[in-house]
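# Okay, sequence plus prediction incoming.
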Amino acid sequence: MSAVSHVKTSMTVMNKLIRSEHNTAASPFNISVSFVGVLPPGIPTSKIPVEVVFILPEAYASYIRPVMQVIPTAVGGPPSDGERSSSDSELYATFLPLPSTFNHHDAGCWEALAAEIQSWVLDVAVDVNSAERTWGTDAFWMAYCAAYPTFPQGTWAAWNPHMRIVGTFGERWLMGAEHRNKQHEDNCDGDCRDCMQIRDDIWSEFQAFVRLFYTDGPIIRAE
């Protein structure tokens, strides 16, 4: 029986904890991992299991936990006429670029975007274990929370139960780290000053998130 060989690479990241009245969270950060080398003939190149382990100091491990997700390094947009071949991926992001009329302060624009992303996740990125599905699910929850910035309070639309929330922006939102200190106006219907500030914050994060993994041009379509 042949021995199993493991390659271990480690690094230490110094991170900052954010403490509020009701919650403590660590600042999120991105880690990029690439692989170099040459495989000999006969070794399969698809579905390679890669184990990623996060180790917290013992003093913190009982109180906080890392929320992990896998996202693709590139998700393209719809190709131009004549550019696509039969071998191209079917998983291009049909909801990007956004229409030229998109206004990140408008709840209706976010509602429409959330619906488009949800359809893409459930109808196109059907492999629940794929990186594309994880990427789209996180993008959906950003759009959803921007559409309903008082969620889970107030009025909000139902989402498809097949949209995972654990380990996503949506879970982080429900934990309260994003909006705990916001004081919405009485009878807020989604357009108070704090709602607008929340949409500004999510729009900034959404753009950064999409630009990391969508490389086919501007996020908003030119007029």
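Yep, that arrived.
# from here on, contacts and neighbour counts on C-alpha atoms
Will do.
# what about residue 112, distance to residue 213?
For residue 112, the distance to residue 213 (CA to CA, to the nearest Å) stands at 21 Å.
# same thing with residue 163?
20 Å.
# Also residue 162?
23 Å.
# and stretch 114-124, what's its mean pLDDT?
The pLDDT scores in stretch 114-124 average 94.
# Which one's more surrounded, residue 162 and residue 213?
Neighbours were counted for residue 162 and for residue 213 using other CA atoms under 10 Å; residue 213 has more, 16 against 10.
# At which residues are the strands of this protein located?
Along the chain, counting by DSSP state E, strands occupy 17-19, 24-26.
# which helix is the longest one in this structure?
helix 193-213 (DSSP state H).
# buried residues in that helix?
194-199, 202-203, 206, 210-211, 213 (16 or more other CA atoms under 10 Å).
# what do you get for stretch 166-178?
168-173, 176-177.
# Would you mind writing the CA trace of that stretch as PDB?
Taking Å, rounded to 0.1, in the frame of the first residue of the first chain, the C-alpha atoms of stretch 166-178 are listed here in PDB:
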ATOM      1  CA  VAL A 166     -25.200  30.000   6.700                       C
ATOM      2  CA  GLY A 167     -21.700  31.200   6.100                       C
ATOM      3  CA  THR A 168     -22.800  34.100   3.800                       C
ATOM      4  CA  PHE A 169     -23.200  37.800   4.000                       C
ATOM      5  CA  GLY A 170     -26.700  37.100   5.100                       C
ATOM      6  CA  GLU A 171     -25.600  35.300   8.200                       C
ATOM      7  CA  ARG A 172     -23.200  38.100   9.000                       C
ATOM      8  CA  TRP A 173     -26.100  40.500   8.600                       C
ATOM      9  CA  LEU A 174     -28.300  38.600  11.000                       C
ATOM     10  CA  MET A 175     -25.600  38.500  13.600                       C
ATOM     11  CA  GLY A 176     -25.800  42.200  13.600                       C
ATOM     12  CA  ALA A 177     -22.300  43.200  12.800                       C
ATOM     13  CA  GLU A 178     -23.300  45.300   9.800                       C
END
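# what pLDDT, on average, does that stretch get?
83.
# pLDDT weak spots in this structure?
Scanning the chain for pLDDT under 70 picks out 1-11, 13-39, 42, 44-47, 67-91, 177-190.
# Please, where are all the helices along it?
According to DSSP H, the helices that the chain contains are 58-61, 107-123, 131-147, 169-175, 193-213.
# now the angle from the longest one to helix 131-147?
What separates the directions of helix 193-213 and helix 131-147 is an angle of 160 degrees, with axes from the mean of the first three to the mean of the last three CA atoms, to 10 degrees.
# Numbering from 257 from now on, please.
Sure, I'll start numbering at 257, so the last one becomes helix 449-469.
# Let me have the buried residues of stretch 422-434 in a markdown table, extended by distance to residue 375.
As requested, the buried residues of stretch 422-434 are exported to a markdown table (distance: CA to CA, whole Å):
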| residue | distance to residue 375 |
| --- | --- |
| 424 | 17 |
| 425 | 18 |
| 426 | 17 |
| 427 | 20 |
| 428 | 22 |
| 429 | 22 |
| 432 | 27 |
| 433 | 27 |
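# just those now: which is nearest residue 309?
Nearest to residue 309 among the buried residues of stretch 422-434, counting by CA to CA, is residue 424 at 18.0 Å.
# so that closest one sits right up against residue 392, yeah?
No: taking contacts as CA atoms under 8 Å, residue 424 lies outside contact range of residue 392: 10.2 Å.
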